[in-house]
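below is the sequence, then the predicted model.
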Amino acid sequence: MYFEKAFRDKTVLITGHTGFKGSWLAAWLNELGAKVVGIALDPPTENSHFSAINLKNDINDLRIDIRDRYKLEAAIIEAQPDFVFHLAAQPLVRESYEDPVNTWNTNLFGTLHVLEALRKIKKKCSAVIITSDKCYDNVEWVWGYREPDMLGGPDPYSASKGAAELAIRSHIKSYFPEDTSKVRIASARAGNVIGGGDWAADRIIPDCIKAWSNDELVELRNPLSTRPWQHVLEPLGGYLSLAVGLSKTSHLHGEPFNFGPQDQVNHSVLELVQQMAVYWDKVRWQDVSSSENGPYESGLLKLNCDKALHHLNWHAVMGFEDTVRMTAQWYDEYYKNPSEITECTRKQIMNYTQIAKQKGLSWAQ
């Protein structure tokens, strides 16, 4: 298989491997036979996908803060990775309002520290730096944002991600010339992923699961806001495709890529909750949008992913219903048969690979 051939026995370094997306990526790469090195803080929540599947037993699990430039640099140099995926971040909009300095230090300077460490790598290495779909200056237009569109946002989180994109572009232009650099770098923009094992605060699926598992009511702050919901494995497949593409050709070096579902499948928060209710017992919710006095959150966000389709033959393959079903089934298995949850994760990776194969994605053939 394409991915297995590319990653088997290769050293793959992931920052943020204890987080939601990072742990799924590490689990997938472990299935592909890669030698995974993870750099992160402890899992950000008491329950986590990383802990549930006992991932620390299958990889080289390092506890390093990406804000610590020199410890991070030493670990990356020692690992001598063939591939790097930078996912470590402060990922929450609400927390960015409460602690903007930490958000900027983590999301901007943490990214700069990774880039500086990559300058010390003297072997061939492909690095995918993940930012966010919120890196765009979102004016809530109805067509999808393209990679050349304006960066930045009104909240500290979005602004920090836009700034990280500028730093990535600047460092590539300044220190990683396309014709001579052994290290090739690209950035990836995705967001609003859902899937099993996410317990982060202020995210709709974790809020629902935490409430419903305790027979409580979930409060919907922005029920009519729409998002490009996608299963966590969708953008991860894009990141892996981008990394392999970087390793094979230099023309992707320095390029940003969007990874998201098709525009026409955007759904509101309320639609997401209603679809989750199909697979979950004892569901209750309440619209509190009229009384909610929280920080600003955009109501509409779309991505145009034509560039990923053209250059990587990547596109989303799961519909909204299947995305929600797979997410709900993971949590159902976790609460009913926690000892089987590692196998559940493995089966969902295999299931997604089969769907991608049926949909004609080249990496799955």
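Arrived safely.

just so I have it, where are all the helices in the stretch 101-250 of the chain?
Ranges of helices in the stretch 101-250 of the chain, per DSSP state H, counting those that start in this stretch, are 110-118, 156-175, 204-212, 233-248.

show residues contacting the third one.
With contacts defined as CB atoms under 8 Å, 6 or more residues apart in numbering, helix 204-212 is touched by 194, 198-200, 216-220, 269, 272-273, 276, 280-285, 327, 331. C-beta here means a position set from N, CA and C on the backbone, and glycine is covered the same way.

in JSON lines, list the helices of the stretch 101-250 of the chain along with mean pLDDT.
Formatted as JSON lines, the helices of the stretch 101-250 of the chain follow (pLDDT from 0 to 100):
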{"stretch": "helix 110-118", "mean pLDDT": "98"}
{"stretch": "helix 156-175", "mean pLDDT": "97"}
{"stretch": "helix 204-212", "mean pLDDT": "88"}
{"stretch": "helix 233-248", "mean pLDDT": "97"}
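
to N258, which of these lies closest?
Evaluated over the helices of the stretch 101-250 of the chain, closeness to N258 peaks at helix 233-248, with 8.7 Å, by CB to CB.

report the buried residues of that closest one.
Of all the residues in helix 233-248, those buried under the rule 16 or more other CB atoms under 10 Å are 233-247.

about what we covered before: just the buried ones from the contacts of helix 204-212, in ChimeraX syntax?
If you want just the buried ones from the contacts of helix 204-212 in ChimeraX, going by 16+ other CB under 10 Å, the selection is:
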select :194,198,199,200,218,220,269,272,273,276,283,285,327,331
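
residue contacts, the nearest residue to C125 once chain neighbours are set aside?
Leaving aside its chain neighbours, C125 sits nearest to V183 (4.8 Å; criterion: CB to CB, 6 or more residues apart in numbering). V183 makes contact with 118-119, 121, 124-127, 176 under the criterion CB under 8 Å, 6+ apart.

just the residues you listed: which are in strands?
Judged by DSSP state E, the subset of these located in strands is 125-127.

please save the CA atoms from stretch 175-190 in CSV.
Extracted in CSV, the C-alpha atoms of stretch 175-190 (Å, rounded to 0.1, in the frame of the first residue of the first chain):
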residue,chain,number,x,y,z
TYR,A,175,16.4,29.4,5.1
PHE,A,176,15.0,26.5,3.1
PRO,A,177,15.7,27.3,-0.6
GLU,A,178,13.8,24.9,-2.9
ASP,A,179,16.8,24.0,-5.1
THR,A,180,19.2,23.1,-2.3
SER,A,181,17.3,22.4,0.9
LYS,A,182,17.2,18.7,2.1
VAL,A,183,14.3,19.7,4.3
ARG,A,184,11.0,20.3,2.6
ILE,A,185,8.2,22.0,4.4
ALA,A,186,4.5,22.6,3.7
SER,A,187,1.6,23.9,5.9
ALA,A,188,-1.8,22.3,6.3
ARG,A,189,-5.0,24.0,7.3
ALA,A,190,-7.9,22.1,8.6
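
show me where pLDDT drops low in the protein?
The model of the chain has pLDDT under 70 over residues 262-265, 290-300.

and the strands in it?
11-15, 35-40, 60-63, 83-86, 125-130, 183-189, 193-194, 218-220, 226-227, 230-231, 256-258, 267-268, 285-287.

need those strands in TSV with distance to L112, can you?
Converted to TSV, the strands of the chain look like this (distance: least, CB to CB, whole Å):
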stretch	distance to L112
strand 11-15	13
strand 35-40	15
strand 60-63	20
strand 83-86	11
strand 125-130	11
strand 183-189	13
strand 193-194	25
strand 218-220	37
strand 226-227	29
strand 230-231	28
strand 256-258	17
strand 267-268	36
strand 285-287	41
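
if anything else comes up later, I'll come back, but that's it for now.
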